[in-house]
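# With the sequence up front, the predicted model follows.
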Amino acid sequence: MARSALTITAATFTATAALLLTACGGGGDDSAPDDIKGAETGAGSPSASASAPSDQPDQPDLSLPTDLKVDFDVSEPSEERHTAALGNAQNYILALNHGITAQDPEDPAYQFYALGNAAKYAKKQIQAWVDDEWTATGTDSYYKARTDDVSDSGGVLVTMCRDQSKFFGKNVKTNKVKYTEGSLNDYQEFRLLMKPPQGAQKIWKVLQIEVQGRVKDCRR
């Protein structure tokens, strides 16, 4: 994973994220929520890189059903602070998946790793799945990770590509899986603004999230 020399400002990211945050989708019919065939999901046995470091207090449960896997194909950054930011960006994604499969919009997992708009986003995503009676199954893949300094806040911007071509919705009542044909809609770019540890707090948390859809550069 490359760590870019590019720096951005928190204000610039926040203004962009306000425009690009994906809306919760999904009707009450036979199709899965649009956003998570366009949002976030997790794994039954998270990799070491996706698990919270051992020094994090009261680490929440991030386990997922055996039929759901999240694959993070990323390399560790050279700077320790960037490594910590990337690790908890991954944990936030896993926490979203945990909330979806637990069918709990108030799930403590995402609340542990998120603040502000990122926490609101997670709750809204999970609620959409619950309302439409869907859970997630398959494989959700993240790759091409990059970390950049945010010059005016001391934060780190984590960017990752996402491939959800093998990630599907499953009806919680019938267990019927809604399979879809692969397309450019499956490829997204996630941008997560990570806030550094504050005071006694020992972990990086997601403050803002931006999801860009139909990203050709993420196609593989």
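Cool, the structure landed. Residues are numbered from 1 along each chain as shown.
# what's near enough to touch the closest residue to residue 154 other than its chain neighbours?
Nearest-residue entry for residue 154: residue 196, 5.3 Å, with adjacent residues in sequence omitted and distances by Cβ to Cβ, 6 or more residues apart in numbering. In this view, the C-beta of every residue, glycine as well, is placed from N, C-alpha and C. Residue 196 sits next to 81, 85, 154, 155, 156, 204 when contact means Cβ atoms under 8 Å, 6 or more residues apart in numbering.
# Just send those residues back as a markdown table, with secondary structure, neighbour count and pLDDT too.
Formatted as a markdown table, those follow (DSSP: H, G, I helix; E, B strand; the rest coil; neighbours: other Cβ atoms under 10 Å; pLDDT from 0 to 100):
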| residue | secondary structure | neighbour count | pLDDT |
| --- | --- | --- | --- |
| 81 | helix | 17 | 95 |
| 85 | helix | 28 | 97 |
| 154 | coil | 11 | 87 |
| 155 | strand | 23 | 96 |
| 156 | strand | 26 | 97 |
| 204 | coil | 28 | 97 |
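# Just checking: what are the partner strands of the helix or strand hosting residue 146?
Following DSSP states H and E, the helix or strand that holds residue 146 is strand 134-150. Take DSSP bridges as the rule and strand 134-150 pairs in its sheet with strand 2-8 (parallel), strand 68-73 (parallel), strand 155-171 (antiparallel).
# from the ones you listed, which stretch is densest packed?
strand 155-171 (a mean of 22; mean count of other Cβ atoms under 10 Å).
# what's the offset of the helix or strand just after that strand from the middle of its chain?
Helices and strands here follow DSSP H and E; after strand 155-171, the next one along the chain is strand 177-178. On the basis of Cα atoms, centre = their mean, to the nearest Å, strand 177-178 sits 21 Å off its chain's mean C-alpha point.
# Which elements pack onto strand 177-178?
strand 155-171 (3 or more Cβ pairs under 8 Å, 6 or more residues apart in numbering; DSSP states H and E).
# let's see it at 10 Å
Taking 3 or more Cβ pairs under 10 Å, 6 or more residues apart in numbering; DSSP states H and E as contact, the helices and strands that strand 177-178 lies on are strand 134-150, strand 155-171.
# For those, please prepare TSV with the additional fields distance to residue 98.
Output for those, formatted as TSV (distance: least, Cβ to Cβ, whole Å):
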stretch	distance to residue 98
strand 134-150	10
strand 155-171	15
